[in-house]
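S.K.: coordinates only, sequence not included:
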């Protein structure tokens, strides 16, 4: 396919919108918002269909909307398969193999399961009522658009061995405590603890601290055994929570590291640093993403930090000057070093990525990279001298304007 938009083939343009963009471009933002809204509305429609009064009055419209959402989700799935050959890791494969491998990805499998029940019911004559529950799988499509859910799933995948160990420990505890309760309470309550499977229900509700109360021991030894079960349940349940929390923290730190490293590589000042200097500076810089037209530094705000522009465009606006900052530039340094107020308002003109350095961390920067800190100070001094010269020139112009003109 060589039909193009601009100088890019159509398939590449579609791939950039539905896969690469992820909200960066206007077309990508509209596409993501439409798909997310359609997912939420289709799940809501499924829930409303179960209300008899709504189904009786609006059932026809809900079924029409279901057909519309199926059509859109089918087109989306087809487009993702069509553009699979544009994926860098699959570009060298034959088209059929690239699409087959792409179709096996978890996100594509979820997309397929979201539409497959409808076609199975329509084409093969299966009972649609039994397949309706699969419409809830569409909710999982949101994982593609939610970085937090994607990160959580990646943490669970990375910690699957530890979580499997915690699960085996829980199963062992259920078996041990249900067996113990069977021998302790089996004779006293044969209807509730007459077998180990019956006692396993009690062990599960007790270890998980749910405690429905429908099954409980009545003998003193049984109550003592139940108390021990509760204490062990608290300890065992804490294991998977701690594993996921630790893995999530590690994943977030890794993401911040990669993001900060990527942004630093775009700034010429940082690109010249060696590995040791970069390692010392990384914890000092805070990555920040700003949407267009958002104010970064208000006028007359305290100078508590400086900013490095990794991508995008920032504009300073004040009565005295209008200045633009692009990739590699930095701003806010004069007010930070002189502990004064910022002159003018700084706003993002486009979507901008920044690295923020607080005043207290600048001291650590001077220790990590003295030449870099000295360069920042020199630029700040030059800007201050330029500003003072401009103010002096303006003052002279005002004096000359107020002096009486002598007749010639």
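M.R.: Perfect, thanks for sending it. Please read these numbers as outputs of a predicted model, since none were measured by experiment.
S.K.: Show me the longest helix that occurs in the chain.
M.R.: helix 220-264 (DSSP state H).
S.K.: by contact count, what packs against that helix?
M.R.: helix 147-158, helix 160-185, helix 196-207, helix 275-281, strand 286-290, strand 305-311, strand 352-358 (3 or more CB pairs under 8 Å, 6 or more residues apart in numbering; DSSP states H and E). The way it works is simple: take the backbone N, C-alpha and C, and place the C-beta from them, glycine included.
S.K.: Just want the angle from it to strand 352-358.
M.R.: 110 degrees (axes from the mean of the first three to the mean of the last three CA atoms, to 10 degrees).
S.K.: and helix 220-264, how far out from the chain's middle?
M.R.: 21 Å (CA atoms, centre = their mean, to the nearest Å).
S.K.: so for it, what's the average pLDDT?
M.R.: The average pLDDT for helix 220-264 rounds to 80.
S.K.: need the contact list for residue 55.
M.R.: 48-49, 62 (CB atoms under 8 Å, 6 or more residues apart in numbering).
S.K.: nearest to residue 38, of the helices and strands packed on helix 220-264?
M.R.: Of all those, helix 147-158 sits nearest to residue 38, with 17.9 Å by CB to CB.
S.K.: Can you give the distance from the closest one to the centre of its chain?
M.R.: Relative to its chain's centre, helix 147-158 lies at 10 Å (CA atoms, centre = their mean).
S.K.: okay if I get the contacts of residue 55 as TSV plus distance to residue 339, neighbour count and secondary structure?
M.R.: As requested, the contacts of residue 55 are exported to TSV (distance: CB to CB, whole Å; neighbours: other CB atoms under 10 Å; DSSP: H, G, I helix; E, B strand; the rest coil):
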residue	distance to residue 339	neighbour count	secondary structure
48	59	14	helix
49	63	17	helix
62	63	17	helix
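S.K.: low pLDDT regions in the stretch 51-200 of the chain?
M.R.: Within the stretch 51-200 of the chain, the stretches with pLDDT under 70 are 124-134, 147, 150.
S.K.: I meant to write the stretch 301-408 of the chain there.
M.R.: For the stretch 301-408 of the chain, the ranges with pLDDT under 70 are 368, 380, 383, 387, 391, 403-408.
S.K.: Now residue 298. Nearest residue, chain neighbours left out?
M.R.: The shortest distance from residue 298 to any non-neighbouring residue, by CB to CB, 6 or more residues apart in numbering, is to residue 345 (6.0 Å).
S.K.: Enumerate every residue touching that neighbour.
M.R.: 295, 297-299, 316-318.
S.K.: same thing with residue 215?
M.R.: Residue 215 sits next to 192-193, 201-202, 205 when contact means CB under 8 Å, 6+ apart.
S.K.: if I've got this straight, it is in a strand?
M.R.: No - counting by DSSP: H, G, I helix; E, B strand; the rest coil, residue 215 is not found in a strand; it is coil.
S.K.: Residue 93 and residue 86, how far apart?
M.R.: 12 Å (CB to CB, to the nearest Å).
S.K.: How about residue 289?
M.R.: Going from residue 289 to residue 86 by CB to CB gives 26 Å.
S.K.: So between those two, which is more surrounded?
M.R.: It is residue 86, of residue 289 and residue 86, that has more neighbours when counted by other CB atoms under 10 Å, with 18 against 15.
S.K.: how about the nearest residue to the more buried one, chain neighbours excluded?
M.R.: Residue 86 sits nearest to residue 15 (CB to CB, 6+ apart), 3.9 Å away.
S.K.: Next one, pLDDT for that neighbour please.
M.R.: With respect to pLDDT, residue 15 has a value of 85.
S.K.: tell me which strands and helices the helix or strand where it lies is in contact with?
M.R.: Counting by DSSP states H and E, the element that carries residue 15 is helix 10-15. When contacts are defined as 3+ CB pairs under 8 Å, 6+ apart, helix 10-15 packs onto strand 4-5, helix 52-82.
S.K.: Name the residues of that helix that are buried.
M.R.: For helix 10-15, the neighbour count (16 or more other CB atoms under 10 Å) marks 11-15 as buried.
S.K.: now swap in stretch 77-86 and tell me
M.R.: 77, 79-86.
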